[in-house]
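**Q** Below is the structure, and that's it, no one-letter string:
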């Protein structure tokens, strides 16, 4: 649940982080793919806490491959409802995915730990 | 000496009465440690507090404190507020059929705004997304005993699931899941996996109170808040206060069932005979817990915490995996504290609520309606002991 906190921290402190030449703020989340736009290379992921839901918009760099069970997949392999674990960082244009791992699908569940 | 012995005897008798006293609504679970009782008491103060814009309320909200809704007959009980949820359901489409409209302020569309937000946007409530396919009314659940529901292992809930109705009884409960894949159990559509998240999410979605777990405010229909409308620094509730609030809700005792009259005993038999326990499972057993009072206990919840198709007449919003007509079996513990029934208060009596059951519950409903009037009354009398 600190994930959302960190997302916000990412949004609020980029200037300070950049000024100190520190690594860009980053964090991870786990949620369900809401939309995928392979052409624009964006993914929207639904996450949240209880009934306070949020959608996190991520840009996906061209070189990034989605992983699933150790295999590399193209972005087009992601489908709405896929459960993904994403690490990401802040850039001036928004949140950028560092890694995207497909860990299951909402209809199948994906274990207890978030 | 005689006086001392008498004092001891009276003291022991009072202690015995106290030990046997059944928890009243609003009491903590029996058997808490002194430290747990302290946390319960501290948490009650948070639960009962009233927030203002200066202390974090809003800018969008449904209530100015937990107790504004969970007030009858005690803190943690029910209330007469009805809130508004909306989602978009597109079965058969290319993507996931349910869109919770989270990018547009959903699924909870708050009905009130602070004066500052009203002044900035000239709105009295959060506008519901034009993409919504259904708007649902939601009443306040009785949350007494929810700590015990939280302590029920997933495996127990899943043991009741029969999504393909392999036993052919017409009842096919299935689990809902949160967006990260965990099993859901709280909320009318069983979306929320844990009580902790249920509480922290409510702070944000119901009161507009940010906390360390949810430090960012709700948007207004997906748009950021206008500058100057959210004066309180985030998080508006500290981790300590959030923990205390969680402890209060977690440690609230379930309402003790009342003693059964002979009529209620007949009603309990009728309840079983018509098939209500197919979904309203009388008791669930908790698993391990760091809190002894929650560990390996039986909770007379009268629910399986699974989704069931209740038919088109009750259908409203989708949520997670739940379709419009699927609802989690409502726990019947504490149902005697309510004066309106079903998720949207459309039933004014328990008998009406049963009559409105359909879908998977059509069989038990029809068997209930076919009972002699005396047996129907007995069944209702039984429900009023819960």
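**A** Yep, that arrived. No experiment lies behind these values; they were computed from the predicted model shown. Numbering: from 1, shown residues only, chains lettered A, B, ... in the order given.
**Q** Which of the three states applies to the residue in the stretch 151-300 of chain B that chain A sits nearest to?
**A** Proximity to chain A, evaluated over the stretch 151-300 of chain B using C-beta to the nearest C-beta, is greatest for residue B:201 at 1.9 Å. In short, each C-beta sits where N, CA and C put it, glycine included. Under the three-state scheme (DSSP: H, G, I helix; E, B strand; the rest coil), residue B:201 adopts helix.
**Q** residues touching it, list them.
**A** Neighbour list for residue B:201: A:48-52, B:192, B:214 [criterion: C-beta atoms under 8 Å, 6 or more residues apart in numbering or on different chains].
**Q** Centroid-nearest residue for chain A?
**A** residue A:86 (3.8 Å; C-alpha atoms, centre = their mean).
**Q** a helix runs through that residue, doesn't it?
**A** No. Read with three-state DSSP, residue A:86 is strand and lies in no helix.
**Q** now the strands for chain A?
**A** A:26-37, A:42-49, A:52-59, A:66-68, A:71-73, A:82-91, A:94-105 (DSSP state E).
**Q** which one of those is the most hemmed in?
**A** Neighbour counts (mean count of other C-beta atoms under 10 Å in any protein chain shown) averaged over each of those peak at strand A:42-49, with a mean of 24.
**Q** who does that strand touch, helix- and strand-wise?
**A** Under the contact definition 3 or more C-beta pairs under 8 Å, 6 or more residues apart in numbering or on different chains; DSSP states H and E, strand A:42-49 sits against helix A:2-12, strand A:26-37, strand A:52-59, strand A:82-91, helix B:195-207.
**Q** May I see the buried residues of stretch B:248-266?
**A** For stretch B:248-266, the neighbour count (16 or more other C-beta atoms under 10 Å in any protein chain shown) marks B:248-257, B:263-264, B:266 as buried.
**Q** Pipe those into a markdown table and attach pLDDT per row.
**A** Listed next are the buried residues of stretch B:248-266 as a markdown table, based on pLDDT from 0 to 100:
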| residue | pLDDT |
| --- | --- |
| B:248 | 98 |
| B:249 | 98 |
| B:250 | 98 |
| B:251 | 98 |
| B:252 | 98 |
| B:253 | 98 |
| B:254 | 97 |
| B:255 | 94 |
| B:256 | 92 |
| B:257 | 90 |
| B:263 | 98 |
| B:264 | 98 |
| B:266 | 98 |
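**Q** near chain A, which residues of the stretch 51-200 of chain B show up?
**A** Residues of the stretch 51-200 of chain B lying close to chain A (C-beta under 8 Å from any C-beta of the partner chain) are B:94-96, B:99-100, B:102-103, B:106-108, B:154, B:175, B:177, B:179-183, B:186-187, B:191-192, B:197-200.
**Q** for the chain, what helix or strand is lowest in average pLDDT?
**A** Since you didn't name a chain, this refers to chain A. Confidence across the helices and strands of chain A bottoms out at helix A:14-19, with a mean of 36, counting by mean pLDDT, DSSP states H and E.
**Q** that's the wrong chain, I meant chain B
**A** Scanning chain B with mean pLDDT, DSSP H and E, the lowest is helix B:2-20, at a mean of 53.
**Q** C-terminal to it, what's the next element?
**A** Past helix B:2-20, further along toward the C-terminus, the next helix or strand under DSSP states H and E is helix B:34-48.
**Q** if we can go back for a sec, which non-adjacent residue is nearest the residue of the stretch 151-300 of chain B closest to chain A?
**A** With sequence-adjacent residues excluded and distances taken as C-beta to C-beta, 6 or more residues apart in numbering or on different chains, residue B:201 is closest to residue A:50, at 1.9 Å.
**Q** Does that neighbour touch residue B:202 like I think?
**A** Yes. Residue A:50 is within contact range of residue B:202, at 6.3 Å (criterion: C-beta atoms under 8 Å).
**Q** now the contacts of residue B:201 in JSON lines, with pLDDT?
**A** Below are the contacts of residue B:201 laid out as JSON lines (pLDDT from 0 to 100):
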{"residue": "A:48", "pLDDT": "97"}
{"residue": "A:49", "pLDDT": "97"}
{"residue": "A:50", "pLDDT": "98"}
{"residue": "A:51", "pLDDT": "98"}
{"residue": "A:52", "pLDDT": "98"}
{"residue": "B:192", "pLDDT": "98"}
{"residue": "B:214", "pLDDT": "96"}
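**Q** Quick check: the farthest pair among those?
**A** B:192 and B:214 (12.9 Å; C-beta to C-beta).
**Q** neighbours of the residue in chain A that chain B sits nearest to, just the number please.
**A** Nearest residue of chain A to chain B: residue A:50, at 1.9 Å (C-beta to the nearest C-beta). If you count neighbours by other C-beta atoms under 10 Å in any protein chain shown, residue A:50 ends up with 28.
**Q** buried sites along stretch B:57-64?
**A** B:57-64.
**Q** Which two of those have the greatest separation?
**A** Greatest spatial distance among these (C-beta to C-beta): B:59 and B:63, at 14.0 Å.
**Q** neighbour count winner among residue B:192 and residue B:214?
**A** Shown here are residue B:192 and residue B:214; by other C-beta under 10 Å, residue B:214 has more neighbours (29 against 26).
**Q** Just the pLDDT at the residue lying closest to the more buried one once chain neighbours are set aside, thanks.
**A** Excluding the flanking residues, the one nearest residue B:214 by C-beta to C-beta, 6+ apart is residue B:204, at 4.3 Å. Note on residue B:204: pLDDT of 98.
**Q** And the one 3 residues further on, by the same measure?
**A** As summarised for this prediction, residue B:207 has a pLDDT of 98.
**Q** Check residue B:22 too.
**A** With respect to pLDDT, residue B:22 has a value of 81.
**Q** Poorly predicted segments of the chain, please.
**A** If you meant another chain, say so; for now it's chain A. Along chain A, the parts satisfying pLDDT under 70 run over A:1-26, A:109-114.
**Q** Chain B was what I was after
**A** For chain B, the stretches with pLDDT under 70 are B:1-20.
**Q** Which residue ranges of it form helices?
**A** B:2-20, B:34-48, B:66-69, B:115-121, B:146-150, B:154-159, B:195-207, B:239-251, B:262-274, B:350-355, B:362-369, B:373-383 (DSSP state H).
**Q** Show me what the fifth one is packed up against.
**A** Helices and strands touching helix B:146-150, by 3+ C-beta pairs under 8 Å, 6+ apart, are helix B:195-207, helix B:239-251.
**Q** Tell me which of these sits most buried.
**A** The most buried one of the helices and strands packed on helix B:146-150 (mean count of other C-beta under 10 Å) is helix B:195-207, showing a mean of 26.
**Q** Show me what the strand ranked longest in chain B packs onto, helices and strands only.
**A** Longest strand of chain B, by residue count under DSSP E: strand B:83-89. Judged by 3+ C-beta pairs under 8 Å, 6+ apart, the packing partners of strand B:83-89 are strand B:98-99, strand B:134-138.
**Q** Would you mind putting the contacts of residue B:201 into JSON lines with distance to residue B:241 alongside?
**A** Shown next, in JSON lines, are those (distance: C-beta to C-beta, whole Å):
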{"residue": "A:48", "distance to residue B:241": "21"}
{"residue": "A:49", "distance to residue B:241": "16"}
{"residue": "A:50", "distance to residue B:241": "17"}
{"residue": "A:51", "distance to residue B:241": "20"}
{"residue": "A:52", "distance to residue B:241": "17"}
{"residue": "B:192", "distance to residue B:241": "21"}
{"residue": "B:214", "distance to residue B:241": "14"}
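**Q** Closest to residue A:60 out of these?
**A** residue A:48 (21.1 Å).
**Q** how close does the closest one get to residue B:200?
**A** 10 Å (C-beta to C-beta, to the nearest Å).
**Q** Equivalent analysis for residue B:61, please.
**A** Remark: distance between residue B:61 and residue B:200 (C-beta to C-beta) = 15 Å.
**Q** if we can go back for a sec, could you pull up phi and psi at the residue nearest to residue B:201?
**A** Main-chain dihedrals, residue A:50, degrees, to the nearest 10: phi 60, psi -130.
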